[in-house]
Structure formats: structure tokens, C-alpha cells
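S.K.: Please work out how this folds:
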Amino acid sequence: MDDKTTTTEIARLIDEIDETKREVKTIRDQLRDSLDQNEEYKAAQAEIEKLATKRADVRKMLLEDRDYQKISTELEESRFKLRDLNEILSHHLIEHYSHTQKAEVTDATGTTRPIVLSAKLGRGDNGFDGSTA
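M.R.: From the prediction side, this is the model:
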């Protein structure tokens, strides 16, 4: 495929994706309206809201507990470390691929694992990506 054909296909797909996102939003709104008109659903929703309030109260009490705070802090630190390590790994995998042009790497156990390369369209100059979500 030449560059002009690829660019034309990208533009066509962007338009089709935007249209499909609008369709999904319309259908989702119709589904929500249908649920909101159902009396049994409304009753269940009211029960859920009561339970959510109760859960929030219990969570507030937990947040004041020292043991819970300690464990929560440890979890956040571990999550941060994991995100950081994954970002570093991603950088090294990109470097490996750019130097070898191989979309696989052998780990410490001798297992050959694929490198998943991905790309997605970022926001345009106006900050709008066409999504409705």
C-alpha cells in the first residue's frame, strides 16, 4: 500500500470509528432509558444506593484504622513500583526491537516471549479524539 492509500484508509477508518462511537452512545442512552422506566430496576437501584451509603460509612471507619492505613500505603507503593518497572521494561523492549527488529525476547527461564507492539491515535490539535465516553 502506498502512503496516499494508507492515509486515505486511516481517514476513512477514523470517520467510521467516530460514527460507530456515536451509534454506541445512542444505543447506550436508549438502554439506560429503558432501564429507568422499569419499576423493578428502580427498586433494586434504591436498595443499591442504601447499601452504597452503608459501605461508604464502613469504608470511612476503615480509613481511620492504623492497620488498614499501613496496608493501603504498602499497596500503593507496590502499585507505583509495578507501574515504574513496567514503564522501564517497555522502554527496554522498544530498544530491543529497534536494534534487532525481532518482536520476541527470551526471558531468564529460557522462555521465548513475544513483544506486543501497539499504537493508537492520540488527541488532535483541538484535544478532541472523537470519543463520546
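S.K.: ranges for the helices of this protein?
M.R.: Secondary structure of the chain (DSSP state H): helices at 3-36, 39-63, 66-100.
S.K.: Turn those into JSON lines, including mean neighbour count and mean pLDDT.
M.R.: Where you see a C-beta, it was placed from the backbone N, CA and C, and this is true even at glycine. Listed next are the helices of the chain as JSON lines, based on neighbours: other C-beta atoms under 10 Å; pLDDT from 0 to 100:
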{"stretch": "helix 3-36", "mean neighbour count": "11", "mean pLDDT": "93"}
{"stretch": "helix 39-63", "mean neighbour count": "10", "mean pLDDT": "95"}
{"stretch": "helix 66-100", "mean neighbour count": "11", "mean pLDDT": "95"}
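S.K.: Tabulate the ones you listed in TSV, adding columns for distance to Gly124.
M.R.: As requested, the helices of the chain are arranged in TSV below (distance: least, C-beta to C-beta, whole Å):
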stretch	distance to Gly124
helix 3-36	10
helix 39-63	38
helix 66-100	24
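S.K.: Any idea which of those helices gets closest to Asp125?
M.R.: For Asp125, the closest of these is helix 3-36, at 14.2 Å, according to C-beta to C-beta.
S.K.: Relative to Lys120, which of the helices of the chain is closest?
M.R.: Across those, closest to Lys120 is helix 3-36 (C-beta to C-beta), at 11.1 Å.
S.K.: now that closest one, how far from the centre of its chain.
M.R.: On the basis of C-alpha atoms, centre = their mean, to the nearest Å, helix 3-36 sits 18 Å off its chain's mean C-alpha point.
S.K.: Which neighbouring elements make contact with that helix?
M.R.: Under the contact criterion of 3 or more C-beta pairs under 8 Å, 6 or more residues apart in numbering; DSSP states H and E, helix 3-36 touches no helix or strand at all.
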